[in-house]
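1. One predicted model, sequence on top.
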Protein chains: 2
Amino acid sequence: MSVLRKELFDLPPGVIYLDGNSLGPLTKQVAARLTQLVTDEWGNGLIRSWNKAGWMAQPQRVGDMIAPLLGAPAASVMLGDTLSIKVYQALSAALELRPERRVVLTDSGNFPTDLYMAQGLLQSLDRGYELRIVAPEQVSAALDERVAAVLLTQVDYRTGRLHDMQAITQRAQAVGAVTIWDLAHSAGAIPLALEQAHCEFAVGCTYKYLNGGPGAPAFIYVRPDLIERVRPCLAGWLGHAAPFAFDPDYRPAASIERMRVGTPPVLQLAALEAALAVWTDVDMQALRRASVALAERFIAEVEARCPALTLASPRDPEQRGSQVSFSFDQGYAVMQALIARGVIGDFRAPDIMRFGFTPLYLDEGDIVAAVDALQVILDGELWRAPEYQVTQAVT
Amino acid sequence: MSVLRKELFDLPPGVIYLDGNSLGPLTKQVAARLTQLVTDEWGNGLIRSWNKAGWMAQPQRVGDMIAPLLGAPAASVMLGDTLSIKVYQALSAALELRPERRVVLTDSGNFPTDLYMAQGLLQSLDRGYELRIVAPEQVSAALDERVAAVLLTQVDYRTGRLHDMQAITQRAQAVGAVTIWDLAHSAGAIPLALEQAHCEFAVGCTYKYLNGGPGAPAFIYVRPDLIERVRPCLAGWLGHAAPFAFDPDYRPAASIERMRVGTPPVLQLAALEAALAVWTDVDMQALRRASVALAERFIAEVEARCPALTLASPRDPEQRGSQVSFSFDQGYAVMQALIARGVIGDFRAPDIMRFGFTPLYLDEGDIVAAVDALQVILDGELWRAPEYQVTQAVT
């Protein structure tokens, strides 16, 4: 059964959107839900809506909506903050679970903020920690009894290279290391089985494949049997066992609630909650098959018609997430020319053109049309136009 | 000149809102701005809006809108995260500015999350730090050469008691302690002069008197001459000097941008930015005079007509923020009965009824009408009705 459901998305006419791996598009229920929240719940309900409109329960409620997409049980996922903060929260807790060890292992394919947050934490702790950065294919071999925690992004943001979560987690557990998976490019993109993988922590963002909107909050998963042993260094009042008792001493909630910190971003959470409606009855295995089919078709078309581009992603679909990258020294200009024609992907320095495949709103016709545009630009060297030869901007 | 501008607010008919110190009400431009952001910038602009719609610059742009309300210069205030996170960020940086000292001083009137975040940080650092909690009136006397940082909420969330920022900051600097002011109940409520006070850090939230909406992000101020010495322990990629270079090593931005962490909450920031329009041409001294007049009238009316209630705030308006609290052992039930009549304040355990005074949308007629309702409830003991004798809920 097809997972295609374009009719639930508000994509602009004439656009082929291959950047859902960076910012998911708007879904149809979101604008109305936000208007209702703002005018009715905030405007009329005012302070009362914290209880009456369920704002206070929103982070765990949305966590329970996301949990099935992660292969996680109910009450194991909490929403809030940014992914950077959730990385810090997970890593800090992981280190306290292995107080005698001093190595944090990660790989050079990790997203920079994961590396930076680890650097910031380890430097603050000032206890001789080492952040060991190895190549992605060397992670398993680098896992030894000195490693307190291994922090990896499952899908490489540049190449789409996919780590084997099950195998690496098993290897980590064999040497007694705690595993933290960053699922930024996994959640909503590939089938996940956190419970089965038995990893200790996972974190991720919700504005990519989960379409939560710009600035949508992050999530954190804690393996349920561990939650009462996890000490939140970010000991915010909403993670307290009784936040409204206003005790002077912090006492963490017994549940995943302890991973909450401050006041939840109610507007962002409402947008995300509405956006998650598109996942009803999506079979993640079927989604994965559709994603692989789109990506394989894209690679075949590009390689046949655009020989100047070099595949920068693993060729084996088993080793790729839901994106495909090609390298080209004029990739930035080519991407600007593509976007001007309504085919939206993105670019990562120094020469990576990224294309995300999201089968909920993309079909093979879109893929062929995208490569048509790409071929026209390359064959005609249209990317040489001065308007595309601009300084690289932020995105 | 009056600061009253009720016409800019979308208050529900029949409501007298005395809880703007907890969640500010909706202002008229917000719903339309959010719809525009969602449908046009996100829906049509998609990933391009990070640059074209100015999303990436939003945190500092909004910081520059708030700075004048804090008496702070341009480019000294950054938006993002929650107040709890900003407390952690400021305190961590403060401790690194005084590496040889081991005491963090705070007071028992501080909001619990400030205490909890400090406890979480100090426990993580595990270097023999002491969190010293004294009574609010003992802060100055407790400041000595062992204090690394003093962390205070200027206005007590229960009583409205106001610290003398200038005097305490001067005393702290005389003993070499770093000062962090939490302005949760100050920003938009009282005149502030951070630059003149010369404190090192300030943090605050924007969903109270600044009307940013539920879950609106926090702000952090860093004294400009210090910014390049501040090491962000929460070293997120958007605080990097060149976030889109994707360097493996963290190198903080040279400006207040280094206090950024992860992806900004674009929807919340847009709501806040629209809400800040009501501050155009507000004279903060005039606002303060109006706030004091409302509070004095409220106290006089309550004390004349509701003798069962006991003033829990300082009587001297110079020592109060923009709220007044009364204690009453049945305060929770009385507040429920008041809210049922459209007079919305709130309650803080064990027996505090809080009333916030926000002269942008409240006048003396509202104050008298509020006390009318309170008197009816108390004289008739209407709070004894079973529907008000419920278990205290979260708000």
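-> The structure has been received and is ready for your questions.

2. List the neighbouring strands of the host helix or strand of A:W181 plus their orientation.
-> Per DSSP states H and E, A:W181 falls inside strand A:178-182. Strand A:178-182 pairs in its sheet with strand A:147-153 (parallel), strand A:201-205 (parallel), by DSSP bridges.

3. got a list of what A:L267 touches?
-> Contacts of A:L267 were listed using Cβ atoms under 8 Å, 6 or more residues apart in numbering or on different chains, and they are A:34, A:37-38, B:34, B:213-215, B:265, B:267-268, B:271. The C-beta positions use only the backbone N, C-alpha and C, and glycine is treated the same way.

4. so what does whatever helix or strand comes next after the strand holding A:W181 touch, helix or strand wise?
-> The helix or strand immediately downstream of strand A:178-182 is helix A:194-197, counting by DSSP H and E. Here helix A:194-197 touches helix A:165-174, going by 3 or more Cβ pairs under 8 Å, 6 or more residues apart in numbering or on different chains; DSSP states H and E.

5. Just the angle for the helix it packs on relative to strand A:201-205, thanks.
-> 140 degrees (axes from the mean of the first three to the mean of the last three Cα atoms, to 10 degrees).

6. How about the residues of the stretch 101-250 of chain A by chain B?
-> Applying Cβ under 8 Å from any Cβ of the partner chain, we find that the stretch 101-250 of chain A lies next to chain B at A:108, A:111-113, A:115-117, A:119-121, A:123-127, A:133, A:205, A:207, A:213-215, A:217-218, A:231-238, A:240, A:243-250.

7. Let's see which of those residues end up in helices.
-> Judged by DSSP state H, these include A:112-113, A:115-117, A:119-121, A:123-125 as members of helices.

8. Make a ChimeraX selection of the buried ones in those residues.
-> Filtering those down to the buried ones (16 or more other Cβ atoms under 10 Å in any protein chain shown) takes a single ChimeraX command:
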select /A:112,113,115,116,117,119,120,121,124,125
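
9. Now the two most distant members of the ones in helices among the residues of the stretch 101-250 of chain A next to chain B.
-> A:P112 and A:L125 (20.2 Å; Cβ to Cβ).

10. With adjacent residues omitted, what lies nearest to A:A72?
-> A:L194 (4.5 Å; Cβ to Cβ, 6 or more residues apart in numbering or on different chains).

11. surely the one you found meets A:L69?
-> No. If you go by Cβ atoms under 8 Å, A:L194 and A:L69 don't touch, sitting 10.1 Å apart.

12. end to end, how far does stretch A:8-19 reach?
-> In stretch A:8-19, first residue to last residue: 17 Å (Cα to Cα, to the nearest Å).

13. Just the residues contacting stretch A:170-183, thanks.
-> A:70, A:83, A:87, A:90-91, A:94, A:97-98, A:101, A:105, A:110-111, A:114, A:140, A:143-145, A:147-154, A:165, A:168-169, A:192, A:194, A:197-204.

14. Buried residues, it. List them.
-> A:171-173, A:176-183.

15. distance between the ends of that stretch?
-> OK, stretch A:170-183 end separation, Cα to Cα: 18 Å.

16. now do stretch A:195-209
-> Taking Cα to Cα, stretch A:195-209 runs 21 Å from one end to the other.

17. List the residues that contact A:S2.
-> Shown in contact with A:S2 (Cβ under 8 Å, 6+ apart): A:286, A:290.

18. That one and chain B, how far apart?
-> According to Cβ to the nearest Cβ, to the nearest Å, A:S2 and chain B sit 24 Å apart.

19. cool, A:A304 as well?
-> 27 Å.

20. What is the neighbour count of that residue?
-> 10 (other Cβ atoms under 10 Å in any protein chain shown).

21. how about the nearest residue to A:M1, chain neighbours excluded?
-> Closest to A:M1 by Cβ to Cβ, 6+ apart is A:A286, at 6.3 Å.
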